Every structure is written in C-alpha cells, then in structure tokens.
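Asks: Take a look and give me a structure for this.
(chains A, B, C and D)
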2 protein chains.
Amino acid sequence: MPKANLENLKSIREFNGLLSDRVYEAIKAAILSFDFEPGAVLKKGPICDALGVSRTPVSDAIMKLEADRLVEVIPQSSTRVAKMSMKEIREDAFLREALEVSAVEYAAEHRTDELLARLNRNLRMQDLQVEDQDYEELFKTDQEFHRLIMGCCNIDRLHATIGFVSNHMDRARKLMLPIPGRSLDSVTEHRKIFEAIQKADPAAARVAMQQHLRHLIKRLEPLEKQRPDLFIP
Amino acid sequence: MPKANLENLKSIREFNGLLSDRVYEAIKAAILSFDFEPGAVLKKGPICDALGVSRTPVSDAIMKLEADRLVEVIPQSSTRVAKMSMKEIREDAFLREALEVSAVEYAAEHRTDELLARLNRNLRMQDLQVEDQDYEELFKTDQEFHRLIMGCCNIDRLHATIGFVSNHMDRARKLMLPIPGRSLDSVTEHRKIFEAIQKADPAAARVAMQQHLRHLIKRLEPLEKQRPDLFIP
DNA sequence: TCATGTCAACTAACATGTTAGTTGAGGGGG
DNA sequence: CCCCCTCAACTAACATGTTAGTTGACATGA
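Replies: Prediction:
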C-alpha cells in the first residue's frame, strides 16, 4: 500500500511567504521526491499535525496541487497522490514540446551575444560534470540550459507554464537512473541546439529541440514496466 | 473608478457541482463580460451576500481566478480584477500559438474522415452565419472549429490548457466589435486551415494557423488606444 | 508646504466549528 | 453463497470566529 511519509515533510520554516504557499511547497516537494508515494491517501489532519498549522492552509495547498494534477481529490471522500500515468506523461511531453520548440525558435531569431555566452559557459560546465560523473549537478545544469533559452523570449510566464504542464513528466524523470553514455548524448544534443541558435537558424533549432525532447520521452517509457506499482493499472 | 456590478452576478443556482466551483464560474463570467471591470476592487463580504454563501467558497474561487491571472490578490490588503495589459495579451498569443499550431500539425497528420466531415459542416455553418450577420453565433462556431481540431489530438488537457493560458486574450476578444469584412476573411482563413488538414499537409496547416492567429492579435492591438481606461497605465 | 509618525479601520489569512456526501463493514433476505 | 440494504464512521466541503498585515487619514513638527 502506498504510504505518505509525513516525517519527511520539510519544515515549512524553510520557506517564506504565505503559510498556504509554504505548505504547498512542502507537500509538492514530498510528492516529487516520492516521499509521498503515488496512490497514497493524503489526510489533512495528520498533515496539519505534522506541519503545526490549521486545515485552511493545507486545504489551499491541496487545491493548488490538484490544479498541478499531482493529487486527485474525490469530493466528500478522500485525496490521493496521483498515480503515474504514461498517458499523462505523453500529454506533458506534447505540451512541453509545443512550448519549448516555439521558445527555441524564437531564441534562434532573437539571440544576443550574452545568451550565446551564457549557453556556451553552461555547455562547458556540462562537459565537466559528465567527466566527473556528477549527475546530480548535471541535472541542474541541464535545467538551467533550457531555462536560459526560455528566458530569452521575454515571456515571463513561459518557464512557469512549461513547469505547470510538465509535472507528471518531471516526477517521472526523478526515477530515471543516470546512464553514463546517455549523458554524453544529451550534451551532444544540447550542443546541436546551441549551434542552431548561434547560426540563427530557427528551423534547425526546432528540429534539434524536438529530437532532444523526444529522446527524453523514449527513455521514460520503460518506467511503466520497470515500476508498474507506481502506475495506473 | 472601475466598479464591480454585484447585482449582475449570475445566480450560482445556474451551475451545479461544488459550491466553490459554481462561485468560480459566476465570478469568472462576470469578469469576462466586464460586469466586473478591470481594476475594480473585489470584496469578499459583498460577494458572499450577493451569492448567499460563506467566505470559504468565495476565497477558493478567488484563488483559482488568481491562477487564471484574472484577479490580483495583494496579501493582507485587497483583491482587484486584473487590468488589461497588452504585454499579457501578447504572452497569451505566444503560448496559444505554440500550442494550437502544434495541435493543427498533429491533426493534419492524424486526421480522420469524421474530423473532415465535422470541420466541413462547421465551415458551411460559418458561411451561413456570415451571410446572416449573426456574429454572436459565428463566434461560437469559430470556437467550435478550433475545438474540433484540438479534439483530434487525443490530449485531454489541450483545450483546457489553451483556455488557461489565453484568459487575458479571451477577455480582450469580447471587446472587439464585429467587422463584417473581417468575418469573411476569418472564414477564408479557416478554410485554408481545413484544406491543409484535408491534404494531410502539416507544414501548410502550421502556416495557415499561424497566420490566422497573428491576424487576431493584430486586431486586438488597437484596443489599448481605444480603451486606455481598461489597460495598465 | 511637506515629511513623518501614529493609529484606527479594513481586509486577507488563518483557525476552528459544523454539515453533508461517501464508503465500506456488517446484517438480513433471496 | 451472493446481493442488497442499513448505518456508523470518516472526510471534504462549507460556515464562522480570530489574527495579523496593510493602508490611508490625520496629526505633529520641521
């Protein structure tokens, strides 16, 4: 039976801002790190006790997590951590691809020397981290690479929107173990994207980003068979 | 001073489901119809009285409207109907274009005879409505045309996601008066999209949809000068 | 006149009490 | 043995009471 390890809930003192938001961040982190397992029943009472807050901020947080599709509320009955679903992950991939491919196309058309410099620095960092087999940091540098490209679009909500539509995919990514050979391929793909941006070639940038993202979903697909317990039956 | 006409709030008895959701729908409708004007202060107390509910469902509804970017909550202070903003509208347009262009590309690749038949029927309806100058109904048929294309993608969330990212743009569209000549152009553009889907030509479908959506944003831009009172200074 | 400090009024945020829909265990009839 | 009904227990949904942060009016002094 899937379990929600309440003792692993990060203290809400680690965040600041509204209590509701801090509770939201704490629960979201627990879900994305699998401390709250897919399918686990989420009870407000114990969460209130664990965090030392009342039901209101917890209810607000759960409502936002429902919008993220990370929990499923059954009216008047119960709330569960959303099970993984390859259909949902594929939907995430479609939406993310649509948005991120448009972003990279825009970036290739409007690139600045500063963006190129930052991307170049980021890529050299990736090389180092592959060499050092520091997959934890490589993951972050990878995310930063994508964030740099989006940042160039002057669409404030772009990054947040992509995050919003990719929650199921992001959770699945956390389950993937680093495969040394693959990390190298990934950097190669990033470099292709970089070169297309550098050449101001939007069509090439589109294709490069599309291939990169489609490799990602290909790597996620085996998870359904490796961890059937986490997925919807 | 922008005003919120509470007496125009649709009775929540017109919807069904959770009270929070009904309140959400009622307020959202009021904002999108400009019964609640951009910039108007939204007070929970009067809304509770007008709808005959307590503060909880109203707070929940306002939280969702904040996620939609239709209201702005200033912590511990006040809540206002979001002012219009051409920057936001342009961001909406970027995100919607990214998603809808991907959708139509997919549709062109995976079209079925049934989709073509439905689209064709829809287009003939549009012809009739242009002829009758029934712009109210044409608006709905237009939306249905786009919905049919998205429906073909098997991405359950696609329609909801596009709606979610387009709230500011959708509100602005309500202010546009129908221009007879433009309606005809719009149907012509729709027909181009249809033809590309029929020919199973994703590249042509992309371009046709892109042009169609870029015409829309072009028509929205003058609003900022026509109605400066509704926009952010 | 204008800058600044105080304070009361107001609101969202948070806490807690109450209601009503759902669920599943147990029991009686087929 | 199985189906259906009942009902108590449980939970989310809703109502209401309380707290605390913000704001703007007003007063005070430079």
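Asks: residue ranges for the strands of chain A, please.
Replies: Here chain A has its strands, by DSSP state E, at A:71-74, A:78-81.
Asks: Just name the most buried of those.
Replies: Sort these by mean neighbour count, taking mean count of other Cβ atoms under 10 Å in any protein chain shown, and strand A:78-81 sits at the top with a mean of 18. To be clear about C-beta, it is placed using only N, CA and C from the backbone, and glycine gets the same treatment.
Asks: Could you list every helix and strand that the longest helix seen in chain A packs against?
Replies: Determined from DSSP state H, the single longest helix within chain A is helix A:86-110. In terms of contacts (3 or more Cβ pairs under 8 Å, 6 or more residues apart in numbering or on different chains; DSSP states H and E), helix A:86-110 is packed against helix A:135-151, helix A:158-165, helix A:167-173, helix A:180-198, helix A:202-220, helix B:86-110, helix B:158-165.
Asks: Name the residues of it that are buried.
Replies: Judged by neighbour count (16 or more other Cβ atoms under 10 Å in any protein chain shown), helix A:86-110 contains these buried residues: A:86, A:88-108.
Asks: what distance separates that helix from the centre of its chain?
Replies: A distance of 13 Å separates the centroid of the chain from that of helix A:86-110, by Cα atoms, centre = their mean, to the nearest Å.
Asks: Tell me what angle that helix forms with helix A:135-151.
Replies: For helix A:86-110 against helix A:135-151, the angle by axes from the mean of the first three to the mean of the last three Cα atoms, to 10 degrees is 60 degrees.
Asks: Might you list the low-confidence residue ranges for chain A?
Replies: Along chain A, segments meeting pLDDT under 70 are nowhere present.
Asks: Up against chain B, what does it have?
Replies: Selection of chain A residues close to chain B by Cβ under 8 Å from any Cβ of the partner chain yields A:18, A:60, A:63-64, A:67, A:75, A:91, A:94-95, A:97-99, A:101-103, A:106, A:153, A:155-158, A:161, A:165.
Asks: picking up where we left off before, residue B:11: which of the strands of chain A is closest?
Replies: strand A:71-74 (25.4 Å; Cβ to Cβ).
Asks: In the sheet, which strands lie alongside the closest one, parallel or antiparallel?
Replies: Partners of strand A:71-74 in the sheet, by DSSP bridges, are strand A:78-81 (antiparallel).
Asks: now the strand it pairs with, how far from the chain's geometric center?
Replies: With Cα atoms, centre = their mean, you get 21 Å for strand A:78-81.
Asks: same deal with stretch A:3-12?
Replies: For stretch A:3-12, the separation from the chain centroid amounts to 20 Å (computed by Cα atoms, centre = their mean).
Asks: Could you pull out the buried residues of it?
Replies: Buried residues in stretch A:3-12 (16+ other Cβ under 10 Å): A:4, A:6, A:9, A:10, A:12.
Asks: Now for the closest residue to residue A:32 other than its chain neighbours, how many residues are close by?
Replies: Of all residues not flanking residue A:32 in the chain, residue A:171 sits nearest, at 5.4 Å (Cβ to Cβ, 6 or more residues apart in numbering or on different chains). Using other Cβ atoms under 10 Å in any protein chain shown, residue A:171 has 22 other residues around it.
Asks: Next, work out how far apart residue A:171 and DNA strand C are.
Replies: Using Cβ to the nearest atom of the strand, to the nearest Å, we find residue A:171 at a distance of 25 Å from DNA strand C.
Asks: cool, residue A:23 as well?
Replies: For residue A:23, the distance to DNA strand C equals 8 Å [Cβ to the nearest atom of the strand].
Asks: Could you report the distance from the residue nearest to that residue when sequence neighbours are not counted to DNA strand D?
Replies: What sits nearest to residue A:23 in space, not counting adjacent residues and going by Cβ to Cβ, 6+ apart, is residue A:61, at 4.2 Å. For residue A:61, the distance to DNA strand D (Cβ to the nearest atom of the strand) stands at 12 Å.
Asks: so residue A:61 makes contact with residue A:20?
Replies: Yes - counting by Cβ atoms under 8 Å, residue A:61 touches residue A:20, with 5.8 Å between them.
Asks: of those two, who's got more company?
Replies: For the pair residue A:61 and residue A:20, the greater number of neighbours falls to residue A:61 (26 against 18), based on other Cβ under 10 Å.
Asks: OK, contacts around the more buried one?
Replies: Shown in contact with residue A:61 (Cβ atoms under 8 Å, 6 or more residues apart in numbering or on different chains): A:20, A:21, A:23, A:24, A:26, A:27.
Asks: Look up how far residue A:35 lies from the residue most central in space within chain A.
Replies: For chain A, residue A:170 is the residue whose C-alpha lies nearest the centre (Cα atoms, centre = their mean; 3.2 Å). According to Cβ to Cβ, to the nearest Å, residue A:170 stands 15 Å off from residue A:35.
Asks: Tell me how many other residues crowd residue A:145.
Replies: By the criterion of other Cβ under 10 Å, residue A:145 has 20 neighbours.
Asks: quick one: furthest residue from the center of chain A?
Replies: The outermost residue of chain A, judged against the average C-alpha position, is residue A:76 (30.4 Å), by Cα atoms, centre = their mean.
Asks: Show the backbone phi and psi for that residue.
Replies: phi 60, psi 10 (degrees, to the nearest 10).
Asks: now it: how far from DNA strand D?
Replies: 5 Å.
Asks: now do residue A:112
Replies: 36 Å.
Asks: So that residue sits against residue A:152, correct?
Replies: Yes - contact criterion Cβ under 8 Å: residue A:112 and residue A:152 qualify, at 7.2 Å.
Asks: Please say which of these two ends up with more neighbours.
Replies: The neighbour count for residue A:112 versus residue A:152, taken as other Cβ under 10 Å, is higher for residue A:152 (22 against 10).
Asks: If we look just around DNA strand D, which residues of chain A are in range?
Replies: Selection of chain A residues close to DNA strand D by Cβ under 7 Å from any atom of the strand yields A:42-45, A:55-56, A:59, A:73-79.
Asks: would JSON lines of those with distance to residue A:126 be doable?
Replies: JSON lines is the format used below for the residues of chain A next to DNA strand D (distance: Cβ to Cβ, whole Å):
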{"residue": "A:42", "distance to residue A:126": "37"}
{"residue": "A:43", "distance to residue A:126": "42"}
{"residue": "A:44", "distance to residue A:126": "42"}
{"residue": "A:45", "distance to residue A:126": "45"}
{"residue": "A:55", "distance to residue A:126": "45"}
{"residue": "A:56", "distance to residue A:126": "44"}
{"residue": "A:59", "distance to residue A:126": "42"}
{"residue": "A:73", "distance to residue A:126": "40"}
{"residue": "A:74", "distance to residue A:126": "43"}
{"residue": "A:75", "distance to residue A:126": "46"}
{"residue": "A:76", "distance to residue A:126": "49"}
{"residue": "A:77", "distance to residue A:126": "47"}
{"residue": "A:78", "distance to residue A:126": "43"}
{"residue": "A:79", "distance to residue A:126": "39"}
